[in-house]
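1. The amino acid sequence is not available; the structure is as follows:
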């Protein structure tokens, strides 16, 4: 529950910052160059960071659970009934 509250506070801060800094800016990346609102750039950057963070955390959790399951299976504690 605490993580949800922290995430909401961060989202609110990013939204307030974006709205207050809505001037158009020139974006250059490799061979591309385009103009966009700074609010959109800030929002998309924060969104990309959140997606990357959640993807890495999900991947680490899956690896940890697989390792734990493998360790339990090797110890004979895989949840199946053994006589």
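-> Sure thing, it's come through. The structure presented is a predicted model; accordingly, all values stated were derived computationally and were not measured. Residues are numbered from 1 along each chain as shown.

2. Confirm residue 35 sits in a helix?
-> No: Residue 35: not assigned to a helix; according to DSSP: H, G, I helix; E, B strand; the rest coil it is strand.

3. Return the distance of it relative to residue 48.
-> 19 Å (CB to CB, to the nearest Å). Heads up, the C-betas are built off the backbone N, CA and C, glycines and all.

4. what does residue 13 give?
-> 17 Å.

5. Which of the helices or strands spans residue 50?
-> For residue 50, the enclosing helix or strand under DSSP states H and E is helix 38-74.

6. buried sites along that helix?
-> For helix 38-74, the neighbour count (16 or more other CB atoms under 10 Å) marks 38, 39, 42, 43, 46 as buried.

7. And that helix, how far out from the chain middle?
-> 6 Å (CA atoms, centre = their mean, to the nearest Å).

8. For it, what does the pLDDT average out to?
-> In this model, helix 38-74 carries a mean pLDDT of 87.

9. packing partners for that helix?
-> helix 2-20, strand 24-29 (3 or more CB pairs under 8 Å, 6 or more residues apart in numbering; DSSP states H and E).

10. swap the cut-off to 6 Å and go again
-> helix 2-20 (3 or more CB pairs under 6 Å, 6 or more residues apart in numbering; DSSP states H and E).

11. partners of residue 26 in the sheet?
-> residue 35 (DSSP bridges).

12. Look up how far residue 33 lies from it.
-> For residue 26, the distance to residue 33 - CB to CB - is 7 Å.

13. Likewise for residue 1?
-> 44 Å.

14. between the two, who's got more neighbours?
-> Using other CB atoms under 10 Å as the criterion, residue 1 and residue 33 rank with residue 33 on top: 9 against 4.

15. And the pLDDT at that one?
-> Looking at residue 33, the pLDDT reads 89.

16. same thing with residue 14?
-> pLDDT, read off for residue 14, is 82.

17. Report how many residues lie close to it.
-> 18.

18. Quick check: closest non-adjacent residue to it.
-> The shortest distance from residue 14 to any non-neighbouring residue, by CB to CB, 6 or more residues apart in numbering, is to residue 46 (4.7 Å).
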